[in-house]
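Participant: Pasted the sequence and its predicted model underneath.
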Amino acid sequence: MTEQKPSLLLHICCAPCSAGSVPEISDNYEITGFFYNPNIDDAAEYELRRAEMEKYAGTLGIPLVCGKYDSESWKEAVKGLEHIPEGGARCEVCFRYRLEETARYAEENNFDLYGTTLTLSPLKNAKKINQIGGESCENLTAKYLDSDFKKKDGYKKSVQRSTENGLYRQNYCGCSYGKKIQDERNRK
């Protein structure tokens, strides 16, 4: 008789990040993907990433839930932080916004754990993300799964698997503020 794996609701920001994380932990958890990214404020970009993730979830063999898309509420949450550099307070609000919704969904749907693929990016502070994730579950039954998916060549594996699977790889987090910063970097 095999022991049942803990259920994990994994917040997924994009297909490439799932490529670097889901295969690494799928032996230990019964994973359901949670695509919740209201930070992607270009509707066409959002649909592209969502469709790519829906397609790739089948390849990964995991169910995928898509949360409500409401970029206007997200913009309201980060209002006043538009000009803060990438990695600063705006990003922290964004992480909290998405992880609190992930925690809520995990709790309402009886998941043992929840986590996020956000820690795969070399541009994201895994320690800060994990801190916010832990704070999001303080009064919940579902617990947060600490991770740093960029370790053990996670990001490199993500790039490799994305290429192998022909996945769309974006070059910014999804918000127009991050895109503007990335565009400025590319012009230099």
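Facilitator: Sure, I can see it.
Participant: The closest residue to Gly33 other than its chain neighbours: how many residues sit nearby?
Facilitator: Distances taken as CB to CB, 6 or more residues apart in numbering place Leu64 nearest to Gly33, at 4.2 Å, with adjacent residues excluded. (Glycine included, C-beta is placed from N, CA and C.) Residues near Leu64, counting by other CB atoms under 10 Å, number 20.
Participant: In which helix or strand does Phe95 reside?
Facilitator: helix 89-108 (DSSP states H and E).
Participant: Might one say that Glu24 is in contact with Asp153?
Facilitator: No. With contacts defined as CB atoms under 8 Å, Glu24 does not count as touching Asp153, sitting 10.0 Å away.
Participant: the more surrounded of those two?
Facilitator: Using other CB under 10 Å as the criterion, Glu24 and Asp153 rank with Glu24 on top: 17 against 11.
Participant: Next secondary structure element downstream of the helix or strand that contains that one?
Facilitator: Using DSSP H and E, Glu24 sits in helix 22-25. Going down the chain from helix 22-25, the next helix or strand is strand 30-35, by DSSP H and E.
Participant: Mind giving me the packing neighbours of that next one?
Facilitator: For strand 30-35, the packing partners by 3 or more CB pairs under 8 Å, 6 or more residues apart in numbering; DSSP states H and E come out as strand 7-12, helix 22-25, helix 43-60, strand 64-66, helix 89-108.
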